[in-house]
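> A structural model of the following input is requested.
(one chain, ligands or ions: 1)
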Amino acid sequence: MVNRPFNAFVMAQSQFDKIADSLGLDQATKDLLRNPIREYHFSLPVRMDDGSFKVFQGYRVQHNDARGPAKGGIRFHPQETVDTVRALAMWMTWKCAVADLPLGGGKGGVICDPHNLSMTEQQNICRAYVRQVVRDIGPIRDVPAPDVMTTGQHMLWMVDEYEQIHGGRYPGAITGKPVGMGGSLGRTEATGFGVVFALREALKELGIRPQDTTASVQGFGNVAQYAVELYQQIGGTVIAVSCWDQEAQRAHTFRRKDGIDFAELRGITDRFGGISKPQAANLGYEVLPGEAWIAQDVDILLPCALENSITGESVIEIPKRVKIIAEGANGPTTPDADHVLRERGIFVIPDFLANAGGVTCSYLEQVQSNMNYFWEKDEVLGKLDVMMTSAFVAVSEMARKRKLYMRDAAYTIAIARVAQACKDRGWV
Ligand code: GLU
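Okay, the predicted model is just below:
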C-alpha cells in the first residue's frame, strides 16, 4: 500500500461521506457540504524589524454559513496548508451545529512560526491579514477567534484593524479578545474546561468516579492546561504530559507516577512556552520520548495538541486499561486508528464535541459584546457547563438509542442540522 502523507481535508471528507450516506442525503447537499462554500487565499506583505519586507501566505476558509455567520479560529503555524484549514473549517461547522449554536464554520491560517517573530512583526501580520479579508469577515459574515499559536492580543490587533477601516466599534467581529477589551471572562479557560465538562458526563455514564481515575495528556497549550486544571479539581490524577520542545525540535513526555504538579510545570516553562526539560528533570520528573504519552497505563487519554496524533501505528500502543479518550485537539485521530478504538469499545468523546467549549464561549462573548454588557465569570462558566452538558447528553443518547459509535452519533446530529438549514433556505 502506498503510504500517502496525512491530509486532514481528505480525512474530514471521508468522515462526512460515511455519515452523509447513512443519512441518505441527496447528491447536491453532499456536494455542497463536502467542500467549503467560499475560500480566500492571499499574500501578506509584512514589514520586518530590520526594515525589510517578507511575504507570508494566508487563508480564510468559510465552510458553511447556513445556520449563522461562519465562526472559527486563525492559526499561525509553519506547517499550515490550505487543506488543513479546509478540514478545520468543516469541523467548525459540525462543532457549532452539535453545540446548537446559531453559527456556521470557518477557519483561517497563516504559514509562519511565531517563535521566530517579534511581537511587532506578529502585529504586522495580524493587521495585514485583516486588510485582506476585511470585506469578507465581521459580526454578520464570519467571526474569527484564536487558535493554535494565536492569543487575545492577536485578536485585539485584528479587531482594531477592522475597526480602523470600518470607522466604528465592532466588538462582535472577532472573539477571544482580552477581558476588558470586549473579551469574556472564562474564554481562556473555556475549551479546556469544556473538555472536562464532557469528560465528567462520560464518567457519570460509565459509573466511574473521577477520583478513581488517572490520565495522560498530549499538549501543554491553552486547551491542555485548563483541561488538566479542572480534571484535577474534580479529583483526577494526571501522571504524564507530553509537550513540544522548540529547541530540540521534538516532543518529550514528562511523567510522575503519583501525579504531576501542574502549577509547578507551568512555573517552569521555557522562553518558548514549553516545559523546560532540565528544570523538570531537576524536580524529579521522568523525561520520556514525546510519543510515550499514549502508552501510559491510565484510564483516560487527553490528546490536546494537533491533528494526526493517534494514528494506525500509534493506536496499538494504547494500553488495555484506557477506557475514555476525550479529544481536546481538532482531528487527533485518523480514520484507521478510529476503527481500532471503536473495535476495542473505547468511549471516545469526539473532537468537535469535546472541544466545543471554546466556540461556545466565543458565542457567549459575541452576545455580551453586542449588548456591551458583560457577565460575571461564574455566570459565563455556568452557561458553558449547561450548553456543553446538553450537547454531550444529546450525542450520547443518540449513540445509545441507535447503537452508534460516539463520533458517528455526533456527526449524525451535526450533519442533519446543517443539511436541514441548507434545505430550509432553499439552497439545495
Ligand atoms: N479555535 C477554537 C476551535 O477550534 C475556537 C473557535 C472560536 O472560538 O470561534 O474551536
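
> can we go C-alpha only for contacts and neighbour counts from here?
Noted.

> buried set for the longest helix along the chain?
If you go by DSSP state H, the chain has its longest helix at helix 377-402. Neighbour counts over helix 377-402 (16 or more other C-alpha atoms under 10 Å) mark 380-381, 384-385, 387-393, 395-396, 398-399 as buried.

> contact residues of the protein facing the ligand?
Contact residues (C-alpha under 6 Å from any ligand atom) of the chain with the ligand: K71, G72, G73, P144, A145, P146, D147, A356, G358, V359, S362.

> what helices or strands is the strand or helix carrying the first one leaning on?
Following DSSP states H and E, the helix or strand that holds K71 is strand 70-77. On a contact count with 3 or more C-alpha pairs under 8 Å, 6 or more residues apart in numbering; DSSP states H and E, strand 70-77 meets strand 53-64, helix 82-98, strand 105-111, strand 142-146.

> of these, which is nearest I324?
I324 lies closest to helix 82-98 among the helices and strands packed on strand 70-77, at 19.9 Å (C-alpha to C-alpha).

> gap between the residue located most distally from the centre of the chain and P114?
Relative to the C-alpha centroid of the chain, counting by C-alpha atoms, centre = their mean, G51 is the outermost residue, at 35.2 Å. According to C-alpha to C-alpha, to the nearest Å, G51 stands 18 Å off from P114.

> so where's this structure uncertain?
Applying pLDDT under 70 to the chain flags the ranges 1-4.

> which stretches in it count as helices?
According to DSSP H, the helices that the chain contains are 8-23, 27-33, 82-98, 119-133, 152-166, 187-206, 222-233, 262-267, 277-282, 335-343, 351-354, 357-371, 377-402, 406-424.

> any chance of these in a markdown table, with distance to S309 too?
A markdown table is the format used below for the helices of the chain (distance: least, C-alpha to C-alpha, whole Å):
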| stretch | distance to S309 |
| --- | --- |
| helix 8-23 | 12 |
| helix 27-33 | 26 |
| helix 82-98 | 14 |
| helix 119-133 | 28 |
| helix 152-166 | 27 |
| helix 187-206 | 17 |
| helix 222-233 | 15 |
| helix 262-267 | 22 |
| helix 277-282 | 22 |
| helix 335-343 | 10 |
| helix 351-354 | 13 |
| helix 357-371 | 21 |
| helix 377-402 | 23 |
| helix 406-424 | 17 |
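
> which residue does the stretch 301-428 of the chain bring closest to the ligand?
The stretch 301-428 of the chain approaches the ligand most closely through V359 (3.5 Å), counting by C-alpha to the nearest ligand atom.
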